[in-house]
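*Asks:* Got a predicted model here, sequence first, then my questions.
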Amino acid sequence: MVNTGKPSPGCFACRTRRIKCDTTRPECRKCRKRGWKCPGYRDLNALRIVDETQKQFTRFSGDKEAVEELPLTPGTSSKTGLVRSRASPSVASSGGRTTPPKTPSFDLPYPSPVSAASSPSLAGAANSYQYTYVDDVPRCIDTPIGDRVYSYFLTNFVHGTSLRHHGYLDFLFPLLANIPQSRHEDNPLPMAFSATAMIAFAARQKAPELLPRAESVYLRALEATFRAIGDPERARDNSTLACVTLLTTYEQLRPSRPSHQKAEAFGSHLDGAVALLKLRRQDLFQTVVGRKIFLILRALLASRSLCYGTPLDPELHNLTEALDQDVSQQRFAALSLRAADLRVAVERLLGGWSPSHPVREEPTREKVTALWHEAEALEADYRQHIASLPLAWKAMTLRYIRPEDPAIMGGIAYTGRVDAYIDMFICYLLNWARAARLYIRYAALRCHAWLLGPQNDYRNTSEYAQAVALGEELVADIVASVPYVFGAAKTTQAQHAPGQYQPPSLAGVFCMWPVFAAATSDFTTDTQRAFCKRTLKYISEEIGIGQASILAGYNLRNPSMPIAFMRMKQFEAQGKQLQGVAVGAAAGSVMTSGMRDVIRATGTILSSEPDHHRKALPMHVLQVDDVKDGYNFPKFDYQVQI
């Protein structure tokens, strides 16, 4: 790749009109002054990357034989290649393509020298890690914008550019290289690659004209994937599982579909991936690519289960135990799966957020107490593991942003400390651990509230006070990491100038779910919640991760909302009139099903006003006469009783 100089940082409209743009984000003032909708800005990092010539490939790879010209895909005009090498070039090559060593250190979900170095057992393996590929990237756009599309996707999602910016989908290189040119037209992987690249570019660079083309290629990839899954031999191939992973990524990025349809498609692809994992079992770990795909899918499945309450397949636990991985990361993965199982078990026993998620087991004091003890034991295991981590995993407070400092991340106001990490992957793991610990606290408090009964307010207990202290600490740590993730941890005024830094798209993928966990927590202050909400909108609108717009639309409170609905059921079981539950507690929620309108509830939702919550505003039930889905919905007086 070569650097073509500094491109214009102006928005699309100002560059078209050939006038100077003030580069104000999220939209320039000149467009706003004329009443136009600013079309947005280009990714400056991706624009500096163009196709290299064969001479430049040879020059930078240091191996003339390894860069032999490969035939182009039919209907394409050029080839995008990538040469990567992180160790000695003593790698056997064949047919113009080099192969990786037999035992590379590919156990990390995203290549992380720091993470490997922090574990003495993997230090040697990390240093010997090497791979060099020259890959023919499939193209479905034979136009100049096609170069920008693929350069952007490769830079932001496929391969890492530095220690801080890791690769995510770099397992695609050997898979795409091994597909014969004659099969590019009917193989689902090249089509899924092109569709995901187009949707990623369209979402980040505000190029709506690419959306119909991306949708068309996506549908073709979907049809080809169905055919591949129906073939017993192809269903066991890594390329089929990689294709499903790409389709899942496509749904994360897609900005144009209704929220419930996007949530359904995202979950459907993950369910299909689970079926393929169960088909492959431990055979998946025989290849470097298979292990890499499993780590990505496991992270997606754990995040969906924690945030949506979707049950995990038991085979995921078996595969996690069988995978030979860094001890610290293996421990984090096992704990996150246990946290997800705890969330599902609590909802099965105590019910979900609404009548659409009823109790599946009759709760007894013995069962609820056992879940409570499991939550406490899981929290203790998390504390012990985090305390045992080496110094390289610890956060470093760089600075404190004051109210008079410039706004960050497209104009988002933030005041507070800025924590940095030596490695982006470490920040990702720790934030997910914090989010999981929040959900563990929610589960413990739900069990505690059920054991106390509806007459007693769980918020007036010492257990709740301890949960508040821990929850506030976890939320503060998540919030303090966000400026670092998006490159806003700089200290000089000049570094805050618009267009100076474009955060990689993976930054949004990595921190989206932990920020959502903080935004919906009862332990979050109003200022922190507003910052988290705006961060999710920033991830959706500026970073181009469409799934963040769904999360930003949820106005939920954990654990008070599910506890309020649980108390309603307890009152009903006792034959007593319910008093003082706020609107939204009994309404249908999209958190698990993804099929109902978003609940837009504000305020607290418990009947009493304890010392911990002076802002609690009680509301009163007027009558109970509406019947929906076999359940009586109370009508609420929306006027606050002062």
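*Replies:* Happy to help now that I have it.

*Asks:* can you list the weak-confidence ranges in the stretch 401-550 of the chain?
*Replies:* Residue ranges of the stretch 401-550 of the chain with pLDDT under 70: 489-501.

*Asks:* got the residue ranges for the helices in it?
*Replies:* With DSSP state H, counting those that start in this stretch applied, the stretch 401-550 of the chain shows helices at 424-452, 462-485, 505-519, 526-538, 547-553, listed in chain order.

*Asks:* Any chance of CSV for these, columns mean neighbour count and distance to Leu270?
*Replies:* Heads up, the C-betas are built off the backbone N, CA and C, glycines and all. Putting the helices of the stretch 401-550 of the chain into CSV (neighbours: other CB atoms under 10 Å; distance: least, CB to CB, whole Å) gives the following:
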stretch, mean neighbour count, distance to Leu270
helix 424-452, 24, 17
helix 462-485, 20, 24
helix 505-519, 26, 14
helix 526-538, 20, 21
helix 547-553, 22, 12
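
*Asks:* which one of these lies closest to Val158?
*Replies:* With distances scored as CB to CB, the stretch of the helices of the stretch 401-550 of the chain nearest to Val158 is helix 505-519 (10.0 Å).

*Asks:* name the helices or strands packed onto that closest one?
*Replies:* Using 3 or more CB pairs under 8 Å, 6 or more residues apart in numbering; DSSP states H and E, the elements in contact with helix 505-519 are helix 288-308, helix 424-452, helix 462-485, helix 526-538, helix 547-553.

*Asks:* which one of the helices of the stretch 401-550 of the chain lies closest to Pro190?
*Replies:* Of the helices of the stretch 401-550 of the chain, nearest to Pro190 by CB to CB is helix 505-519, at 21.0 Å.

*Asks:* what's the burial count for the residue nearest to Phe285 when sequence neighbours are not counted?
*Replies:* Of all residues not flanking Phe285 in the chain, Arg291 sits nearest, at 5.3 Å (CB to CB, 6 or more residues apart in numbering). Close neighbours of Arg291, defined as other CB atoms under 10 Å, add up to 19.

*Asks:* Repeat that for Arg227.
*Replies:* For Arg227, the neighbour count with other CB under 10 Å is 11.

*Asks:* State the next helix or strand along the chain beyond whichever strand or helix holds it.
*Replies:* If you go by DSSP states H and E, Arg227 is part of helix 211-230. Under the assignment DSSP H and E, the closest C-terminal helix or strand after helix 211-230 is helix 232-235.

*Asks:* Contacts for that following helix next, please.
*Replies:* Ala228, Ile229, Thr240, Leu276, Leu279 (CB atoms under 8 Å, 6 or more residues apart in numbering).

*Asks:* from those residues, which two are the most distant?
*Replies:* Ala228 and Leu279 (12.4 Å).

*Asks:* Can you tell me which of the contacts of helix 232-235 has the most neighbours?
*Replies:* Busiest of the contacts of helix 232-235 [other CB under 10 Å] is Thr240, holding 26 neighbours.

*Asks:* ok, now how distant is it from Asp283?
*Replies:* According to CB to CB, to the nearest Å, Thr240 and Asp283 sit 13 Å apart.

*Asks:* Kindly report the same for Ile179.
*Replies:* Taken as CB to CB, the span from Ile179 to Asp283 is 21 Å.

*Asks:* Likewise for Asp186?
*Replies:* For Asp186, the distance to Asp283 (CB to CB) stands at 25 Å.

*Asks:* Likewise for Glu404?
*Replies:* Per CB to CB, Glu404 is found 59 Å from Asp283.

*Asks:* neighbour count winner among the two?
*Replies:* Asp283 (10 against 6).

*Asks:* If I follow the layout properly, that one ends up in contact with Asp237?
*Replies:* No - counting by CB atoms under 8 Å, Asp283 sits too far from Asp237 to count as a contact (11.1 Å).

*Asks:* Show me the shaky parts of the stretch 251-400 of the chain.
*Replies:* Where the stretch 251-400 of the chain drops to pLDDT under 70, the residues are 255-264, 352-360.

*Asks:* quick one, helices of it?
*Replies:* Counting by DSSP H, counting those that start in this stretch, one finds helices in the stretch 251-400 of the chain at the ranges 259-280, 288-308, 314-322, 327-350, 365-387.

*Asks:* how does the chain divide up, domain by domain?
*Replies:* 77-325, 326-642 (automatic domain parsing).

*Asks:* from memory Ala214 sits against Ala203, does it?
*Replies:* No - with contacts counted by CB under 8 Å, Ala214 stays clear of Ala203, the gap being 9.4 Å.

*Asks:* List the residues that contact Pro483.
*Replies:* Ile401, Ile408, Met409, Tyr414, Val418, Ala489.

*Asks:* Of these, select the buried ones using a ChimeraX command.
*Replies:* A single ChimeraX command selects the buried members of these (16 or more other CB atoms under 10 Å):
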select :401,408,409,414,418,489
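
*Asks:* Which single one of the contacts of Pro483 is nearest to Phe516?
*Replies:* For those, the closest approach to Phe516 (CB to CB) belongs to Met409, at 16.1 Å.

*Asks:* Now the phi/psi pair for the closest one, please.
*Replies:* The phi and psi values for Met409, taken as degrees, to the nearest 10, are phi 50, psi 60.

*Asks:* Let me know the distance separating it from Ala265.
*Replies:* Counting by CB to CB, the gap from Met409 to Ala265 is 28 Å.
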